[in-house]
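**Q** What shape does this take:
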Amino acid sequence: MEKKISRIFFRLSTKQKMFFARNLEMMIRSGMQLLDSLQIFRKQVHSKAYKEMIDTLINDLKNGHFLSSGLERYKHVFGEFFINLIKVGETSGTLSENLKYLAEELEKKDVLKKKSAEQ
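**A** The predicted structure follows:
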């Protein structure tokens, strides 16, 4: 029950999603397998709920599922746009490019959020 509660209330900031996308993009682009990339990324995460999410994604991949299908569980965290771009990247072989695009878009969103907060 505790895992369900943490999953329901779990949120990531725009910066955290950008960090997730950028790190996966760099590791995949360097030739690492997605599963290995997620296992390394998990070591960089401090939040217990975030680690649980990464563990779920790792287990999904080990069981033959796509990253996008694992992210579907966290639609409230990542949003449909993020998940759909991952899905397109997986099916077209452009996952690292799509992750890079997502990181750039999240960075733009973060900059706009900061500018609107300053006004």
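
**Q** so Glu97 touches Gly89, yeah?
**A** Yes - when contacts are counted by C-beta atoms under 8 Å, Glu97 is listed as touching Gly89 (6.9 Å). C-beta: built from backbone N, CA, C; applies to glycine.

**Q** For the chain, which element, helix or strand, carries the lowest mean pLDDT?
**A** Least confident helix or strand, the chain: helix 2-9 with a mean of 49, by mean pLDDT, DSSP states H and E.

**Q** So which of Glu97 and Gly89 has more stuff around it?
**A** Gly89 (22 against 15; other C-beta atoms under 10 Å).

**Q** ok, that one - contacts?
**A** Shown in contact with Gly89 (C-beta atoms under 8 Å, 6 or more residues apart in numbering): 95-99.

**Q** Out of these, the closest to Val45 would be?
**A** Leu99 (16.7 Å; C-beta to C-beta).
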